[in-house]
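just coords:
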């Protein structure tokens, strides 16, 4: 009996915690690896084309297994059109995001990623998925958290402040042969990078709105992800054809560039989605979202150690304010959510980074 309790505790508490910390580390590591590859001359357009192509290739068998394991509706023109729209939003957000990292740093990307709940709340209000009821403490928390998060984004983007941590020349560079030189924050176009990253994370909630529509019509997540990855790769290829006419840019050498593409395709699109889906089923969307600010600390450590980035006071202050706003919004949402039911796999997958849709979907179901 005691052994079963220990196994249950390990599976429901220890393992999800370790998995989420590992996934946040991997995600930040992929951004850091991408930054190092762009320092070596890799184009962000080329990166998106190849990395999503690798992910699509890995998921190629999924449509055949999905149709054989369950009864699914046919892939009609309506579903394909929605997947195409999903690809357009995803392609745009990815290009914006990687361009922002190229101009700024993975640390700024990790900080601004915590704006997703705030942007989600704003879009939910615009599309009338959420109602502003200021008499309720949960609504006040979400409004206040949204305002605080956006204020923190302005701080981290517009204010650098004094240097807090400067890598010394005596500090060993862990990627000595892979970078032309360390790219410090002072060499980055910080504000432009922040603008690109903010645009990316404003598109993320829109991506999940469309994903929710698709999953209601065609509940085969892996198959949808396969077509999505394929669509993004093709769309990015079209954009890259005009933006990167130099054929030499499309030749990938067996160095950090290839490593970044392969790691992003395998770890970013395949392993990451699998682990998050499992964690959502075991612990629920709020638990998964709570680990997001951890990426800031991981990004700071990796940026300083691997890229030679300089840490500024503005980054610390802004990231702290964003994290406070993030947890305020998540607290308001958690108070509104009923006890998590692990049988709602479909809803959980859609709520992975878009938990504020939870109430809207529940209301829609109850009204049917």
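Thanks, I have the structure now. Note that this is a predicted model, so its numbers are computed, not measured. Numbers count the residues shown, from 1 in each chain.

any idea which residue sits dead centre in the protein?
Centroid-nearest residue in the chain: residue 113, 7.0 Å away (criterion: CA atoms, centre = their mean).

buried sites along the host helix or strand of residue 322?
Using DSSP states H and E, residue 322 maps to helix 313-336. Using 16 or more other CB atoms under 10 Å as the test for burial, helix 313-336 gives 314-316, 318-334, 336. (C-beta placed from N, C-alpha, C; glycine too.)

quick one: distance of it to the chain centre.
Centre-to-centre, helix 313-336 and its host chain are 17 Å apart (CA atoms, centre = their mean, to the nearest Å).

which helices and strands does it pack with?
In terms of contacts (3 or more CB pairs under 8 Å, 6 or more residues apart in numbering; DSSP states H and E), helix 313-336 is packed against helix 106-112, helix 116-126, helix 137-158, strand 163-165, helix 285-289, helix 294-302.

any idea which of those gets closest to residue 25?
Of all these, helix 294-302 sits nearest to residue 25, with 5.4 Å by CB to CB.

what about the closest one, average pLDDT?
In this model, helix 294-302 has a mean pLDDT of 75.

for stretch 50-65, same thing?
Stretch 50-65 carries an average pLDDT of 83.

please state the offset of that stretch from the chain centre?
Relative to the centre of its chain, stretch 50-65 is centred 19 Å away, using CA atoms, centre = their mean.

in it, which residues are buried?
Applying a neighbour-count criterion of 16+ other CB under 10 Å, one finds 50, 51, 52, 53, 54, 55, 56, 58, 59, 62, 63 buried in stretch 50-65.

quick one: the third one from residue 46, how far?
Between residue 52 and residue 46 the distance is 11 Å, computed by CB to CB, to the nearest Å.

ditto for residue 327
Distance of residue 327 to residue 46, given as CB to CB: 37 Å.

swap in residue 278?
32 Å.

more crowded one of those two?
More crowded of residue 278 and residue 46, by other CB atoms under 10 Å: residue 46, with 21 against 13.

which element is that one on?
Per DSSP H and E, the secondary structure element for residue 46 is helix 44-58.

for the spatially closest residue to residue 155 that is not a sequence neighbour, which residues are in contact?
Distance criterion CB to CB, 6 or more residues apart in numbering; nearest residue to residue 155, sequence neighbours excluded, is residue 318 at 3.7 Å. By CB atoms under 8 Å, 6 or more residues apart in numbering, the contact set of residue 318 is 111, 152, 153, 154, 155, 156, 157, 159.

which of those are buried?
Among the contacts of residue 318, those buried by neighbour count (16+ other CB under 10 Å) are 111, 152, 153, 155, 156, 157.

re the thing from before, give the contact list for the residue nearest to the centre of the chain.
So residue 113 contacts 197, 201, 292, 295 (CB under 8 Å, 6+ apart).

switch to 10 Å and redo it
Residue 113 makes contacts with 27-28, 31, 97, 197, 200-201, 204, 292-293, 295-296, 299, 322, 326, 353, as judged by CB atoms under 10 Å, 6 or more residues apart in numbering.

for residue 215, state which of these is nearest.
Proximity of these to residue 215 was ranked by CB to CB; the top entry is residue 353 with 13.8 Å.

next one: the residue nearest to residue 148 when sequence neighbours are not counted from residue 149, what distance?
The spatial neighbour of residue 148 that comes closest, neighbours along the chain excluded (CB to CB, 6+ apart), is residue 325 at 3.4 Å. Applying CB to CB, the value for residue 325 to residue 149 is 3 Å.

what of residue 260?
Taking CB to CB, one finds residue 260 at 30 Å from residue 149.

if I've got this straight, residue 89 is in a helix?
Yes - looking at residue 89 with DSSP: H, G, I helix; E, B strand; the rest coil, it is inside a helix.

these two touch, right, it and residue 204?
Yes - counting by CB atoms under 10 Å, residue 89 does reach residue 204; the two are 8.8 Å apart.

stretch 17-35 - what's its average pLDDT?
Here the average pLDDT along stretch 17-35 is 85.

ugh, wrong one, stretch 265-277
If you average the pLDDT over stretch 265-277, you get 75.

how close does the residue nearest to residue 148 sit to residue 160?
Counting by CB to CB, the gap from residue 325 to residue 160 is 20 Å.

and residue 7, how far is that from residue 13?
Residue 7 is 11 Å from residue 13, by CB to CB.

typo on my end, it should be residue 251
Note on residue 251: its distance to residue 13, by CB to CB, is 48 Å.

ok, the two, which is more surrounded?
It is residue 13, of residue 251 and residue 13, that has more neighbours when counted by other CB under 10 Å, with 12 against 9.
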